[in-house]
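Peer 1: I need the structure of the sequence given here:
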Amino acid sequence: MLGFCLKTGRRASGTVFRMALSLLVASGAAHAAEHVTLTNGFDLICDHHSATGDRVRLYMDSGNTNFVEVDAAEIASSEHVDLPVIPPKGTSAPHSDARLTDTELHELLARAGTAHDLDVDLLASVVRQESGGNARAVSRTGAQGLMQLMPGTAADLGVSNAFAPGENVNGGTAYLDGLLKRYHDNLALALAAYNAGPGAVDRWHGIPPYRETRAYVARVIHEFNRRVAAREKARSRQSVTQLAAATR
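Peer 2: Here you go, the predicted model:
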């Protein structure tokens, strides 16, 4: 059964997703989704589902090719959720667009993930939400680069140039790793702290009641789910192909 890795060899607890979703308040434009809890404790946020006999396909996006298939008996509960639609933070960039190729970005994230024992798909999900992959992005609050580091945070992390992709990713990954350790691998709290600051999370004893922060947490987790599902599906296909080749 599919698991969701925060760090190598670890899974995200189902309570992480339940807490993130229970604290969301839908407002403004929203994307309808489904929060599915499996009997083994794993949670998914999927776009839609379809059932054929005793099998259920949980689709990770609006298409019909990226899905996880489970037995109907494995689904403990399912509920409708609204994911607020907000643009990435780094959309008000006065600097020229500087997008890396998918390969270049993946290599940067993979190196940083290996250094800090973090899942590359988690880092990719954060980058997508923070900057959309634009290394020169600057938010309205002054956050900079791929992982949108505030100047003070960047300085504390030893990042001298937040617009240098390697420095930014290394700094942002170290910061996220530190937040995960601070909140005992609770992904929802770590992401909330990444967005709103650990002071806000500590003050509210959980995800702060800020619309942007709640939407941010939900969207990063949703993207992380989607990426992990696609990765596992690709691995399954590869295994089938290799088995077929071996039996010829």
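Peer 1: And the strands in this structure?
Peer 2: Using DSSP state E, the strands of the chain run over 30-38, 43-46, 48-52, 55-59, 67-71, 75-84.
Peer 1: Let me know which of those strands is tucked in deepest.
Peer 2: When you average the neighbours per residue for each of the strands of the chain (mean count of other C-beta atoms under 10 Å), strand 43-46 leads with a mean of 24. Every residue, glycine included, has its C-beta placed from N, CA and C.
Peer 1: pLDDT on that strand, on average?
Peer 2: Strand 43-46 shows a mean pLDDT of 67 in the predicted model.
Peer 1: So what's the gap between stretch 158-175 and the chain middle?
Peer 2: Distance, stretch centre to chain centre, for stretch 158-175: 19 Å (C-alpha atoms, centre = their mean, to the nearest Å).
Peer 1: when you give positions from now on, start the count at 35
Peer 2: Will do, 35 is the new start, and the previous item becomes stretch 192-209.
Peer 1: Quick check: buried residues in it?
Peer 2: Across stretch 192-209, burial judged by 16 or more other C-beta atoms under 10 Å covers 193, 196-197, 199, 201-209.
Peer 1: could you redo those as TSV and give each row distance to Thr137 and pLDDT?
Peer 2: Listed next are the buried residues of stretch 192-209 as TSV, based on distance: C-beta to C-beta, whole Å; pLDDT from 0 to 100:
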residue	distance to Thr137	pLDDT
Val193	23	96
Ala196	22	95
Phe197	20	94
Pro199	13	96
Glu201	19	97
Asn202	18	97
Val203	14	98
Asn204	18	97
Gly205	22	98
Gly206	19	98
Thr207	18	98
Ala208	23	98
Tyr209	24	98
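Peer 1: quick one on the thing from earlier: need the strands of the chain in a markdown table (columns: distance to Ala189).
Peer 2: Putting the strands of the chain into a markdown table (distance: least, C-beta to C-beta, whole Å) gives the following:
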| stretch | distance to Ala189 |
| --- | --- |
| strand 64-72 | 36 |
| strand 77-80 | 35 |
| strand 82-86 | 45 |
| strand 89-93 | 43 |
| strand 101-105 | 42 |
| strand 109-118 | 32 |
